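Asker: Predicted model follows, preceded by the sequence.
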Amino acid sequence: MNLIVEATNLKGVKLIKPYVFEDFRGEYVEMWNEQLYRENGIDIKFVQDDISTSSLHVLRGIHGDAETWKLVSCLHGKFYLVVVNCDKASPDFSKWQGFTLSEKNRAQVLIPPKHGNGHVVLSESAIFHYKQTTYYNPQGQFTYKWNDPELDIWWPIKNPILSMRDEFGYIVK
């Protein structure tokens, strides 16, 4: 099975396109194969899988931590994913890139530590799936506001539905 791994504008962030087998019955997608991903330069040990389900125009993030690699995919629906370099020591600090992930394109995004991610749902509902290399630690998390003027992120909607954390969350600068 072929796996396409592409570099992105953000160092360490990869866009991954798994092989999709389709026939008259539907489709089959292998979302993770340790050996195949390792052969393509992704030698990471994941320890936890999580999903979040959201409705149209719900925006989650920008969240991250200093230790965790994440492999993000869309199991159902469609969302716009933003990845931000949040490493203050990096010359690319505050640079971001957007990706559209959907059940149709089956693309994945590999996000390194010290990068935040957020997404907004573009379909009636969506299932956001991610594998991570550490167990969830709320004390180690950082949050940037989705509309932080210093990040100047383009979002495809103007008035998203937000949690209290994402609307008023603490900002690490």
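Answerer: Everything's here; your move.
Asker: can you map out the helices along the chain?
Answerer: 34-39, 164-168 (DSSP state H).
Asker: Save those helices as TSV, and put in distance to Tyr136 and mean neighbour count too.
Answerer: C-betas here are computed from N, CA, C, even on glycine. As requested, these are arranged in TSV below (distance: least, Cβ to Cβ, whole Å; neighbours: other Cβ atoms under 10 Å):
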stretch	distance to Tyr136	mean neighbour count
helix 34-39	21	13
helix 164-168	14	13
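Asker: ranking those by mean pLDDT, which is last?
Answerer: Ranked by mean pLDDT, the helices of the chain end with helix 164-168 at the bottom, a mean of 84.
Asker: Now distance to Ser55 too, for the helices of the chain, in JSON lines please.
Answerer: Shown next, in JSON lines, are the helices of the chain (distance: least, Cβ to Cβ, whole Å):
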{"stretch": "helix 34-39", "distance to Ser55": "31"}
{"stretch": "helix 164-168", "distance to Ser55": "15"}
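Asker: and of these, who's closest to Asn2?
Answerer: helix 34-39 (9.2 Å; Cβ to Cβ).
Asker: Centre of the chain to the closest one, how far?
Answerer: 20 Å (Cα atoms, centre = their mean, to the nearest Å).
Asker: Other residues contacting that helix?
Answerer: For helix 34-39, the surrounding residues in contact (Cβ atoms under 8 Å, 6 or more residues apart in numbering) are 1, 3, 30, 43-44.
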